[in-house]
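Q: Here is my input; please provide its structure:
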Amino acid sequence: MNHCLLEVVVKQAPTIRYTQDNKTPIAEMEVGFEGLRADAPQGFIKVLGWGNLAQELQNNIQVGQKLILEGRLRMNTVPRQDGTKEKKAEFTLSRFHNVSQNINNSNAGTKSNTPNPEQHNQRTQSSASPGNNPELANWDSSPLVPDTDEIPF
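A: Sure, this is the predicted structure:
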């Protein structure tokens, strides 16, 4: 089964095109995501949304927004100008979740369910010690896998 979740930042605003046969809308945008290591470069991927999702992307998504995307990942073979072929990843969107408002957004009067990152950092730092937060006091931080090399059978 091919199901992926990506935490991304929108790098290129969604653009809409339509299929020739039944005029189904297709939204296309480019997003960036962090590498697995601190020194790894940021990755980029093309995201496609079809039908009503395409309209929703165009109406609600702006450059700089942080999103969590759900969908399918596939590899496309794209011909280059020199005649060789290149493989590129493409993400077909099934759902998206807004994590933060656009950083450059000037709508200061708009309310959002998304917490301000500065407020979140203050809450996290102030409740970082187990004595301040009963959930952290009960947190089991033991490893999920024992530190032995033995196979248990």
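Q: In the chain, what residue spans correspond to strands?
A: Ranges of strands within the chain are 4-18, 25-33, 43-50, 66-79, 85-100, based on DSSP state E.
Q: and residue 2, what is it in contact with?
A: Applying CB atoms under 8 Å, 6 or more residues apart in numbering to residue 2 gives the contacts 72-74. For the C-beta atoms, the positions are set from N, CA and C on the backbone; glycine is no exception.
Q: and residue 84, how many residues sit next to it?
A: The number of residues packed near residue 84 is 7, by other CB atoms under 10 Å.
Q: Just the pLDDT for it.
A: Looking at residue 84, its pLDDT is 92.
Q: which intervals of this protein have sub-threshold pLDDT?
A: Low-confidence segments of the chain (pLDDT under 70): 1, 101-153.
Q: same thing but 80
A: Of all residues in the chain, those with pLDDT under 80 make up the ranges 1, 22, 100-153.
Q: still on that earlier bit, to residue 59, which of the strands of the chain lies closest?
A: The closest of the strands of the chain to residue 59 is strand 4-18. By CB to CB, the value is 9.0 Å.
Q: how about that closest one: buried residues?
A: Neighbour counts over strand 4-18 (16 or more other CB atoms under 10 Å) mark 6, 8-10, 14 as buried.
Q: Closest to residue 44 out of these?
A: Proximity of the buried residues of strand 4-18 to residue 44 (CB to CB) peaks at residue 8, which lies at 9.3 Å.
Q: What's the separation between the residue lying closest to that closest one once chain neighbours are set aside and residue 21?
A: Leaving aside its chain neighbours, residue 8 sits nearest to residue 31 (3.8 Å; criterion: CB to CB, 6 or more residues apart in numbering). Distance from residue 31 to residue 21, counting by CB to CB, to the nearest Å: 28 Å.
Q: Would you mind telling me which of the two has the busier surroundings?
A: residue 31 (23 against 6).
Q: is that one in a bridge, and if so with what?
A: On the basis of DSSP bridges, residue 31 is bridged to residue 10, residue 45.
Q: what about the nearest residue to residue 74 once chain neighbours are set aside, how many neighbours?
A: Nearest residue to residue 74, sequence neighbours excluded (CB to CB, 6+ apart): residue 90, at 5.5 Å. As a burial measure, residue 90 scores 16 neighbours (other CB under 10 Å).
Q: In contact with residue 90, which residues are there?
A: Neighbours of residue 90 in contact, by CB under 8 Å, 6+ apart: 45-48, 73-76.
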